[in-house]
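Q: Coordinates only, no sequence provided:
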């Protein structure tokens, strides 16, 4: 993470850190795939937009507003709306499935389906609340 109140110094520092990272990767016989690398600039809602250009050897790194990292979707304002919008349909389908199975299954099967639904819901809440 890089932080600086001055945008020009921030941009310079970021390019310098990227160069050091690429150098370290190279020294350890690793390669940083710049085509798959993204940068997310975390900002407050009221902060004006400033175009950020981070590059190495004429390859610009894409600056993204939304990012999925370790299964969690967030945006540059650290808002969970995208993640919630992605998870709710999955939970809704599961809930619908349990309700439809009520007419077909016996009580033991329904209890198993309901516990699975609860486990999925708890996993969702755990990811949402922990992060």
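A: Good, I have the coordinates. Given the structure is predicted, the values throughout are model-derived calculations rather than measurements.
Q: tell me the domain boundaries of the chain?
A: 7-64, 79-130 (automatic domain parsing).
Q: which one of those lies closest to residue 70?
A: domain 79-130 (9.0 Å; Cβ to Cβ). All C-beta atoms are positioned from the backbone trio N, CA, C, and that covers glycine.
Q: coming back round to it: how about the domains of the chain in JSON lines, adding mean neighbour count and mean pLDDT?
A: Below are the domains of the chain laid out as JSON lines (neighbours: other Cβ atoms under 10 Å; pLDDT from 0 to 100):
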{"stretch": "domain 7-64", "mean neighbour count": "12", "mean pLDDT": "82"}
{"stretch": "domain 79-130", "mean neighbour count": "12", "mean pLDDT": "74"}
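Q: could you dump those domains to CSV with distance to residue 71?
A: Listed next are those as CSV, based on distance: least, Cβ to Cβ, whole Å:
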stretch, distance to residue 71
domain 7-64, 16
domain 79-130, 7
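Q: I'd say residue 43 and residue 77 touch.
A: Yes: with contact defined as Cβ atoms under 8 Å, residue 43 and residue 77 form a contacting pair (6.8 Å).
Q: all strands for this structure, in order.
A: In the chain, the strands defined using DSSP state E lie at 38-39, 54-56, 59-63, 66-69, 72-75.
Q: so which of the ones you listed comes closest to residue 95?
A: With Cβ to Cβ as the yardstick, what comes closest out of the strands of the chain is strand 72-75 (21.2 Å).
Q: so what does the closest one touch, helix or strand wise?
A: strand 66-69, helix 81-101 (3 or more Cβ pairs under 8 Å, 6 or more residues apart in numbering; DSSP states H and E).
Q: repeat that for 10 Å
A: Strand 72-75 sits against strand 66-69, helix 81-101, helix 107-130, with contacts defined as 3 or more Cβ pairs under 10 Å, 6 or more residues apart in numbering; DSSP states H and E.
Q: Residues contacting that strand, please?
A: Residues from elsewhere that reach strand 72-75 (Cβ atoms under 10 Å, 6 or more residues apart in numbering): 40, 42, 64-68, 79-87, 127-128, 130-131.
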